[in-house]
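Visitor: no sequence for this one, just the structure:
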């Protein structure tokens, strides 16, 4: 299965926002970054059949924008399993129960998504996925590790990262 881990786009700064953190929306810049990223990578990636999103406003808005930009009929479902503090084993179990031949996207937050990526791939700790990034993982629940990193698309990258070690190297500098 193709599994996309999508970190939400840039949101309104928490310091200047009146209201609960869960209600912070995407900024215009956050929407623009996602749109530009999709123009670059859309033809390289198979659209998912479903997008599961954290219930936080910025994640739902990111999921809805991704569904629109992928251009196919992609269902967006809000999942409490994707809140920032959710335990990753529960999400992995839910993913394993989904249709194995159908691409799936998860829209969420840091450090949840990088923790999920580490658990899927068996890689070392210390990753932080950029905002508005899309990471593709090949997921096979019957294998160990269950996931294999395929590529990462991010707004500040001209070309996708195809090697997980290069992502670590970028963050070490």
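Guide: Yep, it's here. Everything numeric here is computed off the predicted structure, so don't read it as measured data.

Visitor: Need the contact partners of the lowest-mean-pLDDT helix or strand in the chain.
Guide: Least confident helix or strand, the chain: helix 164-172 with a mean of 78, by mean pLDDT, DSSP states H and E. Contacts with helix 164-172, where a contact means C-beta atoms under 8 Å, 6 or more residues apart in numbering, come from 121, 123, 124, 126, 127, 128, 149, 152, 161. All C-beta atoms are positioned from the backbone trio N, CA, C, and that covers glycine.

Visitor: same thing with stretch 142-151?
Guide: By C-beta under 8 Å, 6+ apart, stretch 142-151 touches 2-3, 92, 96, 117, 120-123, 135-140, 160-164.

Visitor: Emit the PyMOL select command for whichever of these are buried.
Guide: The buried residues among the contacts of stretch 142-151 can be selected in PyMOL (16 or more other C-beta atoms under 10 Å) with this line:
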select buried, resi 2+3+92+117+120+121+123+135+136+137+139+160+161+164
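
Visitor: Over stretch 49-61, what's the mean pLDDT, rounded is fine.
Guide: Per-residue pLDDT values over stretch 49-61 give a mean of 97.

Visitor: same thing with stretch 146-158?
Guide: 93.

Visitor: roughly how far is it from the heart of the chain?
Guide: Averaging C-alpha positions (C-alpha atoms, centre = their mean, to the nearest Å) puts stretch 146-158 10 Å from its chain's average.

Visitor: Could you do stretch 86-96 as well?
Guide: Using C-alpha atoms, centre = their mean, the offset of stretch 86-96 from its chain centre is 14 Å.

Visitor: for that stretch, which positions count as buried?
Guide: 86, 88, 91, 92, 95.

Visitor: List the contacts of the fourth one.
Guide: Taking C-beta under 8 Å, 6+ apart, we find residue 92 in contact with 116, 119, 120, 141, 146.

Visitor: Show the buried residues in those.
Guide: By 16+ other C-beta under 10 Å, the contacts of residue 92 give 116, 119, 120, 141, 146 as buried.

Visitor: Quick check: nearest residue in space to the third one, chain neighbours excluded?
Guide: Okay, so that is residue 120. Of all residues not flanking residue 120 in the chain, residue 147 sits nearest, at 3.0 Å (C-beta to C-beta, 6 or more residues apart in numbering).

Visitor: likewise the second one?
Guide: Of all residues not flanking residue 119 in the chain, residue 88 sits nearest, at 5.4 Å (C-beta to C-beta, 6+ apart).

Visitor: Could you measure from that neighbour over to residue 94?
Guide: Counting by C-beta to C-beta, to the nearest Å, the separation of residue 88 from residue 94 is 11 Å.
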